[in-house]
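Peer 1: Here is my input, please return the structure:
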Amino acid sequence: MRSGLLFSLLLVTSPGYCQHFEAVDRAKTRLQELFKERGFPGATVGIVWADGKSATFSVGKFEKDKDKPLLPSDRMLAGSIGKTFVAASFLRVAKEKSISLDEKVSKYLGDRAWFKELPNAPGLTLRSLMNHTSGIPEHVQSPAFTDLIAKDPLKVWKYEDLLVVTRGAKPLATAGEKFSYADTNYIILGLVLEKIAGKAMYTLVNDWFIKPLKLDRTIPSDKLQIPDLAVGFATFGPFFARGPMVKDGKMVFNPQMEWCGGGFASTALDLAKWSMALYGGSVLSPETETEMLRGVDAGPLGQYGLGVQIRKTPLGISYGHGGWFPGWLSEMEYFPDHGIAVAIQFNTDDFRQLGRSTHGYLVELMRAVLDKKL
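Peer 2: Alright, predicted model coming up:
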């Protein structure tokens, strides 16, 4: 039978066992209440404590309007959360090779024939790509790009070609002037990363993070067929697709086009583990982590550092990232005041049905974990 609860605790005979079990039970109850209230297809949750204890559970269905239950181990596309893997990889390479984040991008890509056509090309720095202050507009919001996807949904993209509609575009602002979120920044950053490291981004992430941290359910989303992929239901966005994003076991368009803008399928438990490792201090040096958490004003997102959203919440500050890919929503956050990381994934992108942001769901679940009044 497919079960909706997996609960793993270390030292199960210790006095803290009951406290953790009760905390997870409260969070699971709260998720079930929200599920009954809002009627979304399904959701998975992962929780990790600083002492290594973890839990994961799910509600709802593997696919909207089908009887198959959703498992905590079922994968979903994590969307822009993949930027955290790319940012961590770049920060590691930069430290190893003594590269300043304020160096010009032209130092690494200036020999590419198309580079000078990028908005703000002469003024682009590595930091401005990582914290989205480059002034480069978002290519995935461009009708010209989404038309290309609609014309050839199964196309396998050369990564440089993802910039085709960006070349010659008008900049939104001077490089470094203000925040404007764009996957395009991380496509360019990925090209720099692979040139400096001499290896593919996916190889770096796998060797440095996925394998050592045993994120066994996290894999590249670069193929039409992704094992154990819960069927996402798309309701909005610039892409042509609406409804189920998986038909006959295959994605309806090639997710490979996301690359360093996202690029991974994962589970809520793996995302919570990654959040704990990245923001809890076991992945980056203290100096590099401090650099990562230097944020710029990002409006409704709070502050944005180097591949990280920094928010003030009723439960203290949180570090994390959200993710959207047509049909799926994800969010992971680490709450340093409490030593807890929590993540959630939905197999729908219908915010109207959810009734609150994915960040709002994590705050609700954290309140339950901590037994705070809702």
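
Peer 1: To which secondary structure element type does Gly190 belong?
Peer 2: For Gly190, the assignment made with DSSP: H, G, I helix; E, B strand; the rest coil gives helix.

Peer 1: And the pLDDT at it?
Peer 2: On pLDDT, Gly190 comes in at 98.

Peer 1: Now it. Nearest residue, chain neighbours left out?
Peer 2: Cys260 (3.2 Å; CB to CB, 6 or more residues apart in numbering). Heads up, the C-betas are built off the backbone N, CA and C, glycines and all.

Peer 1: wait, what's in contact with that neighbour?
Peer 2: By CB atoms under 8 Å, 6 or more residues apart in numbering, Cys260 lies in contact with Gly82, Lys83, Val86, Tyr159, Asp183, Tyr186, Ile187, Leu189, Gly190, Leu193, Met201.

Peer 1: Tell me the one of those residues nearest Pro143?
Peer 2: Top of the list for closeness to Pro143, among the contacts of Cys260 and by CB to CB, is Asp183 at 15.6 Å.

Peer 1: Switch the contacts of Cys260 over to CSV; also include distance to Arg352, neighbour count and secondary structure.
Peer 2: Shown next, in CSV, are the contacts of Cys260 (distance: CB to CB, whole Å; neighbours: other CB atoms under 10 Å; DSSP: H, G, I helix; E, B strand; the rest coil):
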residue, distance to Arg352, neighbour count, secondary structure
Gly82, 25, 31, helix
Lys83, 26, 28, helix
Val86, 30, 25, helix
Tyr159, 34, 17, helix
Asp183, 24, 25, helix
Tyr186, 28, 27, helix
Ile187, 30, 25, helix
Leu189, 33, 25, helix
Gly190, 33, 23, helix
Leu193, 37, 24, helix
Met201, 34, 24, helix
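
Peer 1: Export those to CSV and append columns for distance to Ser357.
Peer 2: Formatted as CSV, the contacts of Cys260 follow (distance: CB to CB, whole Å):
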residue, distance to Ser357
Gly82, 19
Lys83, 18
Val86, 23
Tyr159, 30
Asp183, 19
Tyr186, 22
Ile187, 25
Leu189, 26
Gly190, 27
Leu193, 30
Met201, 28
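
Peer 1: which one among these gets closest to Ser98?
Peer 2: Proximity of the contacts of Cys260 to Ser98 (CB to CB) peaks at Leu193, which lies at 15.7 Å.

Peer 1: out of everything not next to it in sequence, what's closest to that closest one?
Peer 2: In space, Leu193 is closest to Phe90, 5.1 Å off (CB to CB, 6+ apart).

Peer 1: Buried ones in the helix or strand harbouring that neighbour, by neighbour count?
Peer 2: Counting by DSSP states H and E, the element that carries Phe90 is helix 82-96. Residues of helix 82-96 classed as buried by neighbour count (16 or more other CB atoms under 10 Å): 82-94.

Peer 1: helices or strands up against that helix?
Peer 2: Packed against helix 82-96 by the contact rule (3 or more CB pairs under 8 Å, 6 or more residues apart in numbering; DSSP states H and E) you find helix 126-130, helix 183-197, helix 201-205, helix 268-279, helix 286-292, strand 316-325.

Peer 1: Same list, the ones you listed, but as TSV with distance to Gln345 please.
Peer 2: Converted to TSV, the helices and strands packed on helix 82-96 look like this (distance: least, CB to CB, whole Å):
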stretch	distance to Gln345
helix 126-130	25
helix 183-197	19
helix 201-205	19
helix 268-279	5
helix 286-292	23
strand 316-325	9
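
Peer 1: and the ones you listed, which is most packed in?
Peer 2: Mean neighbour count (mean count of other CB atoms under 10 Å) peaks for helix 268-279 among these, with a mean of 27.

Peer 1: residues in contact with that helix?
Peer 2: 6, 44-48, 50, 54, 56, 72, 78, 81, 84-85, 88, 209, 213-218, 266, 282-284, 289, 308, 319-320, 330, 332-334, 336, 341-345.

Peer 1: one more time with 7 Å, if that's ok
Peer 2: Helix 268-279 has contacts (CB atoms under 7 Å, 6 or more residues apart in numbering) with 44-48, 50, 54, 56, 72, 78, 81, 84, 88, 213, 215, 217-218, 283, 319-320, 330, 332-334, 341-345.

Peer 1: for stretch 59-73, same thing?
Peer 2: By CB under 7 Å, 6+ apart, stretch 59-73 touches 2, 4, 6, 31-32, 35, 40-44, 56-58, 74, 217, 228, 230-231, 233, 244, 267-269, 347.

Peer 1: need the contact list for Ser80.
Peer 2: Gly261, Gly262, His321, Gly322, Gly323, Trp324.

Peer 1: That one belongs to a strand?
Peer 2: No: using three-state DSSP, the assignment for Ser80 is helix, not a strand.

Peer 1: how much space between it and Cys260?
Peer 2: Distance of Ser80 to Cys260, computed by CB to CB, to the nearest Å: 10 Å.

Peer 1: List phi and psi for the nearest residue to Gly42 once chain neighbours are set aside.
Peer 2: Spatial nearest neighbour of Gly42, chain neighbours left out: Gly60 (2.9 Å); criterion: CB to CB, 6+ apart. Main-chain dihedrals, Gly60, degrees, to the nearest 10: phi 90, psi -160.

Peer 1: Which per-residue confidence value corresponds to Gly60?
Peer 2: For Gly60, the model assigns a pLDDT of 98.

Peer 1: Give the burial count for Gly299, as a bare number.
Peer 2: 11 (other CB atoms under 10 Å).

Peer 1: So the closest residue in space to it that isn't next to it in sequence: helix, strand or coil?
Peer 2: Distances taken as CB to CB, 6+ apart place Phe179 nearest to Gly299, at 7.0 Å, with adjacent residues excluded. Of the three states, Phe179 takes coil under three-state DSSP.
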